[in-house]
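K.L.:
requesting a structural model of the entry that follows:
(one chain, ligands or ions: 2)
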Amino acid sequence: MTIYEGKLVSKDIRIGIVAARFNEFITSKLLGGALDGLKRHEVNENNIDIAWVPGAFEIPLIASKMAKSGKYDAVICLGAVIRGSTTHYDYVCSEVSKGIAHVSLNSDIPVMFGVLTTENIEQAIERAGTKAGNKGFDCAVGAIEMVNLIRDMQD
Ligand SMILES: Nc1c(NC[C@H](O)[C@H](O)[C@H](O)CO)[nH]c(=O)[nH]c1=O
Ligand SMILES: CC(=O)[C@@H](O)COP(=O)(O)O
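P.N.:
Ligands and ions are numbered 1, 2, ... in the order given. This next block holds a predicted model:
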């Protein structure tokens, strides 16, 4: 029996982060959590690049460019889509999730989904570093695990 696993060690891991500026009050906290998670697992900050996009809808395009560049071992996507008074929320959430999943499945590297999709601001605050944790930190740790899992499978 072979059990593959991704240890939480940095091993010169290179990370690209795409962050949406829309709801920056929230997304800046997600970014802070992601950077905290990477640094606490000894990812060299010189191996971390950040790209800001206008909103979550623009994340997949830049995530795709990062994934195809060959410069990164993983890409982390961060955003906060908060329901408003129209159906716009549904379309943004749908296309962002489908877009990031498409990039992930068509890349040889992990593309982490760190986009909050919440009914209200309170739910977003809870998931950006308060009582429900920080989705950015979770994605950072997950990215490290996935990179090392893939390397473990290749050895
Ligand atoms: N309402 C939210 C948006 N909307 C903007 C779109 O993401 C996009 O930037 C615009 O439609 C132009 O293409 N974006 C978020 O990230 N969060 C929202 O709550
Ligand atoms: C998620 C959104 O696009 C949303 O914030 C837009 O708000 P509204 O539906 O009130 O236009």
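K.L.:
spatially nearest residue to the residue of the chain found nearest ligand 1, not counting backbone neighbours?
P.N.:
Distances between the chain and ligand 1 by Cβ to the nearest ligand atom are smallest at Gly55, namely 2.2 Å. Every residue, glycine included, has its C-beta placed from N, CA and C. Spatial nearest neighbour of Gly55, excluding adjacent residues (Cβ to Cβ, 6 or more residues apart in numbering): Phe22 at 3.8 Å.
K.L.:
the one you found against Gly79, yeah?
P.N.:
Yes. At 7.3 Å, Phe22 counts as touching Gly79 under the criterion of Cβ atoms under 8 Å.
K.L.:
more crowded one of those two?
P.N.:
Gly79 (29 against 17; other Cβ atoms under 10 Å).
K.L.:
tell me if stretch 76-86 is near ligand 2.
P.N.:
Yes. Residues of stretch 76-86 contacting ligand 2 under Cβ under 6 Å from any ligand atom: 81-82, 84-86.
K.L.:
joint contacts of Phe22 and Gly79?
P.N.:
Jointly contacting Phe22 and Gly79 under the rule Cβ atoms under 8 Å, 6 or more residues apart in numbering are 55-56.
K.L.:
picking that back up, contacting residues for the residue of the chain closest to ligand 1?
P.N.:
20-22, 79, 92.
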